[in-house]
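Enquirer: sharing a sequence plus its predicted fold:
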Amino acid sequence: MATVALVLTSAGAIAYAGLQLRHERAYRAVDNLEKQLSFFLSDNFVAVRSRLAESRLDGTGLRPWTVDDPPVSAFEVLDFYEHLSLLVKKGHLDVYDVWHTFYEWAQPVYVDMQPLIENEESAYAEHYKDLQRMVRRMDEIQMAKMQTQKGEHWALWTPERIIEHYQYELQASGRPRRIRRRHQTQVTATRLKDDARGE
């Protein structure tokens, strides 16, 4: 009887310790997310994002660029997202939290810079492998939120919407645009459904 009680007590202690560990990891993930968001919204990084927006817009649309001659200002922004993806990979951030906090900023830049990130001829494709994986996972979350599996990740952001994103970066000085998220999701979902029907 004493042995059974000891086993049950030990099992309970192990379960409690596991629960405490999960809570601690969740707390650390939130703390890490807040630190990354603070950096993202800092004056220095807002200036970095603004420089990228300025370099990509030419007044009539997006400036052309090639894999051999990419916009230099893109690297600081992409490296930040690559850092986030490493934290996700190591379990220090939750991918859903990153989607919820950064997707609307990361996705248009990713699609705009997609050849630099994914093209086999790009010297940087290997460097951004973790970013590729994280964006794919965030795309899956976005698709699920839109209740459709149609389209690819670049279909979520047309050139017009990428231009709108960069214009917003210049006008808003880094302020979040939470109010716009629901509307943009609904517009994207409608467009994808129309595309699927051939309209």
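Expert: Looks like it came in fine.
Enquirer: what is the mean pLDDT for the helix or strand hosting Ile163?
Expert: Element membership for Ile163, per DSSP states H and E: helix 159-172. The pLDDT scores in helix 159-172 average 92.
Enquirer: likewise stretch 80-88?
Expert: pLDDT averaged over stretch 80-88 gives 97.
Enquirer: how far does stretch 52-63 stretch from one end to the other?
Expert: One end of stretch 52-63 to the other measures 11 Å (Cα to Cα, to the nearest Å).
Enquirer: buried sites along that stretch?
Expert: Going by neighbour count (16 or more other Cβ atoms under 10 Å), the buried part of stretch 52-63 is Leu52, Ala53, Arg56, Leu57. Quick note: C-beta positions are derived from backbone N, CA and C, even for glycine.
Enquirer: show me where this protein has its helices.
Expert: 2-40, 43-56, 74-89, 95-112, 114-118, 129-145, 159-172, 178-197 (DSSP state H).
Enquirer: rank those by pLDDT, which is bottom?
Expert: helix 178-197 (a mean of 43).
Enquirer: so who does Leu52 touch?
Expert: By Cβ atoms under 8 Å, 6 or more residues apart in numbering, the residues touching Leu52 are Pro71, Ser73, Ala74, Glu76, Val77, Val109, Tyr166, Glu169.
Enquirer: list only buried entries from the residues you listed.
Expert: Among the contacts of Leu52, those buried by neighbour count (16+ other Cβ under 10 Å) are Pro71, Ser73, Ala74, Val77, Val109, Tyr166, Glu169.
Enquirer: from the residues you listed, which is closest to Asp43?
Expert: Closest approach to Asp43 among those (Cβ to Cβ): Glu169, at 13.9 Å.
Enquirer: how close does the closest one get to Gln132?
Expert: Between Glu169 and Gln132 the distance is 23 Å, computed by Cβ to Cβ, to the nearest Å.
Enquirer: so which bits of stretch 66-84 are buried?
Expert: Buried, per 16+ other Cβ under 10 Å, within stretch 66-84: Pro70, Pro71, Ser73, Ala74, Phe75, Val77, Leu78, Phe80, Tyr81, Glu82, Leu84.
Enquirer: in JSON lines: these, plus distance to Gln36.
Expert: Shown next, in JSON lines, are the buried residues of stretch 66-84 (distance: Cβ to Cβ, whole Å):
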{"residue": "Pro70", "distance to Gln36": "24"}
{"residue": "Pro71", "distance to Gln36": "23"}
{"residue": "Ser73", "distance to Gln36": "20"}
{"residue": "Ala74", "distance to Gln36": "19"}
{"residue": "Phe75", "distance to Gln36": "18"}
{"residue": "Val77", "distance to Gln36": "13"}
{"residue": "Leu78", "distance to Gln36": "15"}
{"residue": "Phe80", "distance to Gln36": "8"}
{"residue": "Tyr81", "distance to Gln36": "10"}
{"residue": "Glu82", "distance to Gln36": "12"}
{"residue": "Leu84", "distance to Gln36": "6"}
